[in-house]
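Enquirer: Here is a sequence with its predicted model. Questions after.
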Amino acid sequence: MTALPFVGAHELRAQTPPEPDWRWTGYVAPGAVTILGGKPKAGKSTLALALAEAVATEAPTFLGRAVDVTVTTPTEATTTRPVDWFTYLQAAPTCLLRPQSDRLAVGKSSKKVKQGNHRKAGTVALIAICNQNANGTLKGAVRLVGKKGKHGKQRTKVFQLGTVHAALKAGVATGLKLKLPAALVLAVEPGTKGSAAFTLTASSANGTSGATARIPSLKL
């Protein structure tokens with residue numbers, strides 16, 4: 001069995017690789033893999049898209065750290081050329097859409113009404129972020145499946161949510177809320193299950209694109 005060689009501190013320092021040519025100082029370097037980890041819904045995708053927007057617009061810094069928007073090609077090992085972002089910025093908006101929660105805020109039963117299932121209509125909240133300024137239109141639908149009745153059949157109904165319009169700023173996460181129709185709120189009973197789907201249409205001078213999001217299992 002061969003013994004492990006002892007390496008002194010001066011030898012370790014000599015083996016330290018040189019400082020990389022950072023693209024985002026301290027985090028992203030060319031030819032390296034950067035892993036962005038975190039809990040679900042912590043904002044990993046939002047951070048990545050905001051960083052991409054900072055690079056695309058040639059921002060000097062992002063979150064207080066320098067951003068370098070030059071690249072080195074294999075045939076130009078000693079020279080650099082600026083990234084041509086013109087074509088990228090002329091494309092239609094690229095957007096990300098995600099729900100803030102998988103729970104519908106259906107409100108509580110009104111204490112003033114002693115009879116009937118009167119409830120205060122609630123909302124469902126989402127976050128949208130685009131790589132350029134755009135006018136956004138958000139639509140959604142909720143599908144409810146009631147508990148089985150006496151004959152073993154389940155009642156299924158789809159509710160269309162109201163449309164929301166918003167001005168989306170490049171790289172800025174914008175909160176959007178869709179109001180739940182009163183009929184949907186009244187239809188929520190113990191044992192009801194549901195799912196939701198949302199569509200964001202983003203338009204700018206460069207064109208129109210879309211983003212979608214789903215909540216496969218709603219908490220009611």
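Expert: Perfect, thanks for sending it.
Enquirer: how near is V164 to D102?
Expert: Using Cβ to Cβ, to the nearest Å, we find V164 at a distance of 19 Å from D102. For every residue, glycine as well, the C-beta is placed using N, CA and C.
Enquirer: Among the two, which residue is more densely surrounded?
Expert: Using other Cβ atoms under 10 Å, the more surrounded residue of V164 and D102 is V164, with 17 against 14.
Enquirer: So what pairs up with the more buried one in the strands?
Expert: Counting by DSSP bridges, V164 is bridged to L138.
Enquirer: Repeat that for V28.
Expert: What pairs with V28, by the bridge criterion (DSSP bridges), is W24.
Enquirer: cool, and L97?
Expert: Beta-bridge partners, per DSSP bridges, of L97: A128.
Enquirer: need the contact list for it.
Expert: L126, I127, A128, L138, F198, L200, A211, T212, A213 (Cβ atoms under 8 Å, 6 or more residues apart in numbering).
Enquirer: pull the longest helix from this protein.
Expert: helix 44-56 (DSSP state H).
Enquirer: May I have that one as PDB, with CA atoms only?
Expert: Coordinates of each C-alpha in helix 44-56 appear next as PDB, following Å, rounded to 0.1, in the frame of the first residue of the first chain:
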ATOM      1  CA  LYS A  44     -33.200  30.900  -8.700                       C
ATOM      2  CA  SER A  45     -34.900  31.400 -12.200                       C
ATOM      3  CA  THR A  46     -35.600  35.000 -11.400                       C
ATOM      4  CA  LEU A  47     -31.900  35.600 -10.500                       C
ATOM      5  CA  ALA A  48     -30.700  33.800 -13.700                       C
ATOM      6  CA  LEU A  49     -33.000  35.700 -16.000                       C
ATOM      7  CA  ALA A  50     -32.000  39.000 -14.300                       C
ATOM      8  CA  LEU A  51     -28.300  38.200 -14.700                       C
ATOM      9  CA  ALA A  52     -28.900  37.400 -18.400                       C
ATOM     10  CA  GLU A  53     -30.700  40.700 -18.800                       C
ATOM     11  CA  ALA A  54     -27.700  42.500 -17.200                       C
ATOM     12  CA  VAL A  55     -25.300  40.900 -19.600                       C
ATOM     13  CA  ALA A  56     -27.600  41.500 -22.600                       C
END
